[in-house]
Structure formats: C-alpha cells, structure tokens
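Asks: here are the coordinates; sequence isn't available:
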C-alpha cells in the first residue's frame, strides 16, 4: 500500500512539474508578441473605406485588441480580439457579431516575427497567420481552400 501511495505521489509531482514547465514555456514565448503592440492601419481596402487593428498588452498572460472597418465615419465591422495563455497553451480569441460565442484558435507556431493559430472545427477561418515584414504586417485567414489576405502598416 505504501509503494502505491509513493508511486501515486511521484506521478502527481511529475505531472505538476510538467504542467508548470509547459506554462513557463508558454509565458516565455508569450513575450515574443511584443511587436504586435500598437495600431496597425490596413492598406488593402477599397477606396472610401478604412480599417485597422489595435493591440495592447493587458497582463503577463493576456493581450487585448480590436479590429474595426469603416466606411467614411460609419463602423461597418467590429471584432474584439485577445490572445491569452490558458492551461499551458496560447490562444487567439475572436469575438465577432456573426458568432454566438467567441472562437478560440490555438497557437501552433510563434516566433519573433509572427504566429499561426488554428481551430479545425470552426467554419471559417480555420487558420489565422500573422507575419511581420519590417514595418508591415501580413495577416491571412484561411480554410477549406479559401484564403483572405490583409495588409497593415504600423501607425503608432
């Protein structure tokens, strides 16, 4: 009985240590998103329209942002965005009017120049990719053979 208790205790301790190390890796990688901070003005919009994304760090484990599209001074689209560390993983969360609830996309890649996240069960998009190219930001949403590209420049 003592040996079963000892093995259980060892396995539990190992599991907790592994969970902490996974969290620490995510938190460490989370810092790689510092380039995202600020306002990004979309450059590939139709004449008479404008759009931008704004991101700021809310805490050590959360970024908050929003995307807005305008026709003149009228808002035509607004999305609430966040990036969070939860349960040892990093998630991009999009809250748009078309969905009943916010949609989580799990990070599958993260570097100092961008990230890729995906949610294979979502209708569209299934994948979101952000890539920093100098002072430009290229964003692509894709899934089921479709892709939409967004190009931004840093405004501030």
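Replies: Everything's here; your move. Every value quoted in this text rests on a predicted model; they were computed, and no experiment measured them.
Asks: Quick check: the closest residue to residue 80 other than its chain neighbours vs residue 64, distance?
Replies: Among residues not flanking residue 80 along the chain, residue 95 sits closest, at 4.1 Å (CB to CB, 6 or more residues apart in numbering). Using the backbone N, CA and C atoms, a C-beta is placed for each residue, glycine as well. As for residue 95, its distance to residue 64 is 11 Å (criterion: CB to CB, to the nearest Å).
Asks: Need the residues touching each of those two.
Replies: Residues touching both residue 95 and residue 64 (CB atoms under 8 Å, 6 or more residues apart in numbering) are 81, 82.
Asks: Using the three-state scheme, assign residue 30.
Replies: helix (DSSP: H, G, I helix; E, B strand; the rest coil).
Asks: from what I can see it touches residue 91, true?
Replies: No. Taking contacts as CB atoms under 8 Å, residue 30 lies outside contact range of residue 91: 11.0 Å.
Asks: list the residues that contact both of those two?
Replies: In contact with both residue 30 and residue 91: 83, 85, using CB under 8 Å, 6+ apart.
Asks: Where does pLDDT dip in the chain?
Replies: Scanning the chain for pLDDT under 70 picks out the ranges 1-27.
Asks: can you pull out the helices in it?
Replies: For the chain, the helices defined by DSSP state H occupy 2-30.
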